[in-house]
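Asks: just a sequence and a predicted model for now, questions to come.
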Amino acid sequence: MMENKLQNRRDFLRNVMKVGVGVTAMSMLSPVAGVLAEEEKQKDYEWIPSAPPCKLIEEITASDAPEGTRTFKFTTDGRTCSKNVVFDIVGEDQILKNVVYEGGCNGGTQGIGVMAEGRPAAEVADILEHIVCDLKKSGSSCGQQLAFGIKQAMMIINGTPCSGCSGTVCENMK
């Protein structure tokens, strides 16, 4: 019985020592990790667009779509987890419907879609346009990418010339 208690105490002390050694090692490595983290912080994200925004959107309205419904697929510019977002703009009031992302944080992108459903497209774009996930890393967000897509889709619907194509109407807008 006494030997069992001694063995339990020895095991306890060994475990405490292991934890103590681990904590000591971590505290010794902490300054190194801090330097590495600081070095990473100094690298601000810089995105240089390789294509005008109008080249990132495509109208994909099906031939059997309800009257007044136009469907668009916006390929995100590479700064977010989502690859693209598909959405409908319906009627003269330009109401946003059926927002579906490919990729991205499932809960976040579903939440954006639900909150945007049935609202005027311009209103949704204005709300989401300035939201970014992490300015240092990407400088954008899935919501902001939807805003960019909506604005491009509205330019197509309204026949507005694309500023990214020297003021001419892009092929995607014809």
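Replies: Noted; the coordinates are in hand.
Asks: going forward, measure contacts and count neighbours with C-alpha atoms only.
Replies: Will do.
Asks: could you list the low-pLDDT ranges of this structure?
Replies: 1-10, 12-13, 15-53, 135-137, 163-174 (pLDDT under 70).
Asks: tell me where it has strands.
Replies: Taking DSSP state E as the criterion, the chain contains strands spanning 57-59, 69-75, 82-90, 95-103.
Asks: contacts for the second one next, please.
Replies: Under the contact criterion C-alpha atoms under 8 Å, 6 or more residues apart in numbering, strand 69-75 has outside partners 56-62, 83-91, 146, 149, 153.
Asks: partner strands of it and their direction?
Replies: strand 57-59 (antiparallel), strand 82-90 (antiparallel) (DSSP bridges).
Asks: so which of the strands of the chain comes closest to residue 134?
Replies: strand 82-90 (14.7 Å; C-alpha to C-alpha).
Asks: so what angle separates the directions of that closest one and strand 95-103?
Replies: For strand 82-90 against strand 95-103, the angle by axes from the mean of the first three to the mean of the last three C-alpha atoms, to 10 degrees is 160 degrees.
Asks: tell me the buried residues in strand 82-90?
Replies: Buried residues in strand 82-90, counted by 16 or more other C-alpha atoms under 10 Å: 82, 83, 84, 85, 86, 87, 88, 89, 90.
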